[in-house]
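# okay, structure incoming, though there's no sequence with it:
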């Protein structure tokens, strides 16, 4: 590609993303759909500003590789072992059920069984990039939905390996040598016997594991000691590219190799630094990938057969949704979580494009059918963000999921309070406010939590409360109080900061993880904070004092004094929080001060308690004498 042409393409792609994605986000469509729309607009079938996006797509697919590497950094081997049921059980069931349904539909439409089976296996793949990006955007990346979706996607990546070996046995057409070679792009071992390829694959995997564990650490330490930040970033990218190239050379998925490298480095002390350095590349390349998918849509084919393609897309997404939902319920997933996972995985995937090219070359599927399936997969990928948004509006936040309404229904259009996070902490605060007739809107991003609470008749709205557009929809402009009770410490601090800037009229009370987190929240704009375990621990301490022989009066006095002195010292230390050495020294002094003040308070409480007991005893003495007189008389 000519240098000037490359610059023009970069200009067009970046401009399209910068313009369309913020608009799509403001319209509630999400960033993924914004990128896809941008690709459609600049692609060869609308404005034709970039020509055929084939070369750019090959580069953009590296965004998926980086995504899997970053995910691998978060997945420690112990966690991967814990997820074995989601990967091999749920993932295997999804591929099996989807292949059966889509392959059966292809058979019913008149395809030979070999071709129908190949179509079913190809369409069982889902889009890793679109699914994970959409889940993260909606706050579902963590929890049961994110774990199930990730397990299925990982199994699909693993399944691609045996599919390359299996699909040629389904050939019914004379192979196209050129196309077949394209299907093996980068695989230098294609002509070797099976045992040699197996050894090469095991050797490549072993090299990644051993090299990642023993060779990369000294290099990272050497670069870190040299304090060359840009070289650290360059080596991180070199590592990812090297692993991806090695995996592609032996015929494996580059994304799978990058994931394996990430898992190996998950226990490394450089994990956070790697994430920070590579994250910007992931976002840019994934955005570019989505744009190229939109640009690759064959509108000539779509306009020639619009009803057929619409039916195929709807049919594919319906069958994949049904297959995934059945698999999820088979593995005891709750209904709402199973539904969200099924909708998220309802599209075709990036590997479908690779497998279609390979099957055409191997003589399994003819070229015209492959074009039709390619358009169907691309349209299903573009439709996924819309399907997830509709599912969220109609099911997660709609009347279908509300369940039985409680006798006291305090949710109105004009809330007094928004509670972000309806777990064990948020529930107590919200229920106290509801009991006193305040209108409260509750938000939570955990589908499992929402489903559990709705069984008890509580209405909780699904959504990521860190999104300002969701807070506006919930009515925060009319509310006077925001209670931040979410589990994620960083997200809680970000929410407080964003809410303070966007809604200066609002009173913000936030749940703090510990003392340091409380300072962060106050610095970000919280009006008041409550350390989540402080009052509970104080109550336990008070009961322990009673159990050790203190009177109720003395134990309560001790707890009250502890609370007052600790709160006073907490406020005094706030101005120097962040100045590490000064804060540590001041904390030591404050601990000594607290011990001294609390000791004086306790001695005073002991004296008062003794006086109370003596006074009570002196009052009881005359009453006892009177009782004796009555008995003797």
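Looks like it arrived, so ask away. It should be emphasised that the depicted structure is a prediction, and the values quoted were computed from it without experimental measurement.
# next one, pLDDT for residue 342 please.
On pLDDT, residue 342 comes in at 94.
# how far away is it from residue 100?
15 Å (Cβ to Cβ, to the nearest Å). Backbone N, C-alpha and C define where each C-beta goes, glycine included.
# repeat for residue 434
48 Å.
# show me the shaky parts of the stretch 501-633 of the chain.
578, 580, 616-617, 619-633 (pLDDT under 70).
# report pLDDT for residue 415.
85.
# same question, residue 481
92.
# okay, now it: neighbour count?
18 (other Cβ atoms under 10 Å).
# what does residue 615 give?
10.
# equivalent analysis for the one 3 residues further on, please.
Taking other Cβ under 10 Å as the criterion, the count of residues near residue 618 is 9.
# same thing with residue 141?
Neighbour count for residue 141, taken as other Cβ under 10 Å: 21.
# and the residue nearest to the spatial centre of the chain, helix, strand or coil?
In the chain, the residue lying closest to the centroid (Cα atoms, centre = their mean) is residue 141, at 1.8 Å. Counting by DSSP: H, G, I helix; E, B strand; the rest coil, the backbone at residue 141 sits in coil.
# for it, which non-adjacent residue is spatially closest?
With Cβ to Cβ, 6 or more residues apart in numbering as the criterion, residue 141 has its nearest non-adjacent residue at 4.8 Å, and that residue is residue 135.
# can I assume the one you found is in contact with residue 152?
No. With contact defined as Cβ atoms under 8 Å, residue 135 does not count as touching residue 152 (11.9 Å).
# now the helices for the stretch 501-633 of the chain?
With DSSP state H, counting those that start in this stretch as the criterion, the stretch 501-633 of the chain has helices at 515-524, 534-547, 552-573, 580-632.
# also the stretch 301-450 of the chain?
Going by DSSP H, counting those that start in this stretch, the stretch 301-450 of the chain shows helices at 306-330, 335-344, 350-361, 367-391, 399-402, 424-435, 447-455.
# for residue 40, find the nearest of those helices.
Closest of those to residue 40 is helix 367-391, at 7.8 Å (criterion: Cβ to Cβ).
# if you skip the residues just before and after it, what's nearest to residue 546?
Residue 546 sits nearest to residue 555 (Cβ to Cβ, 6+ apart), 4.8 Å away.
# for the one you found, give its distance to residue 42.
72 Å.
# between those two, which one's more packed in?
Neighbour tally, residue 555 and residue 42, criterion other Cβ under 10 Å: the higher count belongs to residue 42, 24 against 21.
# surely the residue nearest to the centre of the chain meets residue 131?
No. Between residue 141 and residue 131 there is no contact under Cβ under 8 Å: 10.0 Å.
# what residues sit buried inside the strand or helix carrying residue 132?
For residue 132, the element it lies in under DSSP states H and E is helix 128-137. By neighbour count with 16 or more other Cβ atoms under 10 Å, helix 128-137 contains the buried residues 128-135, 137.
# just stretch 150-166 next, same as before
By 16+ other Cβ under 10 Å, the buried positions in stretch 150-166 come out as 150-160, 163-164.
# kindly report the same for stretch 547-565.
Using 16+ other Cβ under 10 Å as the test for burial, stretch 547-565 gives 550-551, 554-555, 557-559, 561-562, 565.
# farthest-separated two in the buried residues of helix 128-137?
128 and 137 (14.7 Å).
# circling back: so residue 434 and residue 100 - more neighbours on which side?
Comparing residue 434 with residue 100 by other Cβ under 10 Å, the one with more neighbours is residue 434, at 20 against 15.
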